[in-house]
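Chemist: Provided below are the primary sequence and the corresponding predicted coordinates.
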Amino acid sequence: MLQTAIRFDTAPATAVGGDRTAFEIGWDHARHGLVPPATLLGAGHPVGQGWQAAQAVFGRRTWPARPAVRQWLALRLAAWQAGEAFDLDQLNPQHLAQIAATRCPVRRVPLGGVPGTADAAVVLRLNEAAAWAAGHLVTVSAAAAAAMQGVDAEEARRHARAAEQAGQPVQCLDAAGWWRVAALRGFATALPFATAAQLPLAVLPPNRVRLLGAAQGLQALVTQAFAAPGWAARCAAIAALLPAHTLRHDFNLFVGAMAPRVLAAPADGTGLRDALEDAWLHERVQRRWQHFVLSLGEAGAEALLERVATMPQPGRHVLQLSLPQAVEAWQLPAAPVPSALRRVAARGARGGRAAAAATTIRPALPRPRPAALPA
């Protein structure tokens, strides 16, 4: 008799008990040689059923369980237990490894320690109404995650103002920390243009985070221009793209407000990054930026963003997606969307202007840079 071993790399199409998601979570635990929590291994539990089924198939022929894989499985399990959607297409262990961080962007403390401690690393959704999906996940400390829970960009701004007036922290974060929360939440939220234009960029976008608004996308790229030697030439090149003398004058006034902070910044990467973020909390920098970007207008900011995104960025790679592409896997609830955000970017279409797009700024890969960065 000829016998053939059949290997299943994915779970069977049907799962006993009807909970396909839980069954696959158990299956993937066994595929990587991991055991789900004991409470999920009881008789009839779909996670336990998936784990037992995969055990029978894989045996000891398991795949490596790297830290990113363990984190991926833990996030999937927590999302399933909370009844939250999880996108398996783009949110994989590789993506989690790319967004891993050694420093909390909110509290500016090193990340580490056992789970449950204040400085332990936690993956957080910047848009709590969205599914667990690539584009709006960030690694922060557990204390920052607890403070941010249920707080949107507008509430974070109110906390920042209250902390400034009181001169002391509000709900465990100081004013600068709340401004960073407001910026982070704003990245993944389709804010009105005027509202986004008034948010200081108190934190630079973490790796792989998509910026949904033109105002914050342009703000991030302009700030990135200061992140390496030669910033004066890069700022001059951006000013040359502006259509009117008055707008160039307004932009140069903004550059003049930023320049002293850049010149006084430490030369190392972390010190310069902190200085750039802190510069946005100065009243003069905010005032100059708001005057410039509000005079430019939403359509002007979108057009300038598209052109600046094609310019070489020091140590960064810029990718532009249309808004529907950027949030496709987020499974956002249906809601009225501003008309400017309903337009789909038509890059390269003859006779049409590219519309609102999401901007992702990520570290450049160690390979030759293309002549023009794809949008």
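Modeler: Yep, it's here.
Chemist: and the next element down the chain from the helix or strand of the chain with the lowest mean pLDDT?
Modeler: Sorting the helices and strands of the chain by mean pLDDT, DSSP states H and E puts helix 339-342 at the bottom, at a mean of 37. Sequence order places strand 357-363 as the next helix or strand after helix 339-342, per DSSP states H and E.
Chemist: so which bits of that next one are buried?
Modeler: If you call a residue buried by 16 or more other CB atoms under 10 Å, then strand 357-363 has these buried ones: 357-362. C-beta: built from backbone N, CA, C; applies to glycine.
Chemist: and the strands in the stretch 101-250 of the chain, which stretches?
Modeler: 121-125, 137-141, 210-211 (DSSP state E, counting those that start in this stretch).
Chemist: let's have the ones you listed in TSV, adding distance to Leu218, mean pLDDT and mean neighbour count.
Modeler: Below are the strands of the stretch 101-250 of the chain laid out as TSV (distance: least, CB to CB, whole Å; pLDDT from 0 to 100; neighbours: other CB atoms under 10 Å):
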stretch	distance to Leu218	mean pLDDT	mean neighbour count
strand 121-125	24	97	19
strand 137-141	21	98	25
strand 210-211	9	96	26
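Chemist: how about these, which one is nearest Gln320?
Modeler: Gln320 sits nearest to strand 210-211 of all the strands of the stretch 101-250 of the chain, at 9.7 Å, using CB to CB.
Chemist: list of residues touching the closest one?
Modeler: Under the contact criterion CB atoms under 8 Å, 6 or more residues apart in numbering, strand 210-211 has outside partners 135-136, 187-188, 205, 217, 220, 321, 326-327, 358-361.
Chemist: who touches Ala121 in this structure?
Modeler: With CB under 8 Å, 6+ apart, Ala121 has these contacts: 100-101, 111-112, 139-142.
Chemist: isn't Pro206 right next to Ala100, touching?
Modeler: No: if you go by CB atoms under 8 Å, Pro206 and Ala100 don't touch, sitting 10.2 Å apart.
Chemist: touching both of the two, which residues are there?
Modeler: With CB under 8 Å, 6+ apart as the test, Pro206 and Ala100 both reach Thr139.
Chemist: more neighbours: those two, which one.
Modeler: The neighbour comparison of Pro206 against Ala100 (other CB atoms under 10 Å) goes to Pro206, with 18 against 15.
Chemist: tell me the contacts of that one?
Modeler: Contact partners of Pro206, counting by CB under 8 Å, 6+ apart, are 99, 101, 105, 138-139, 184.
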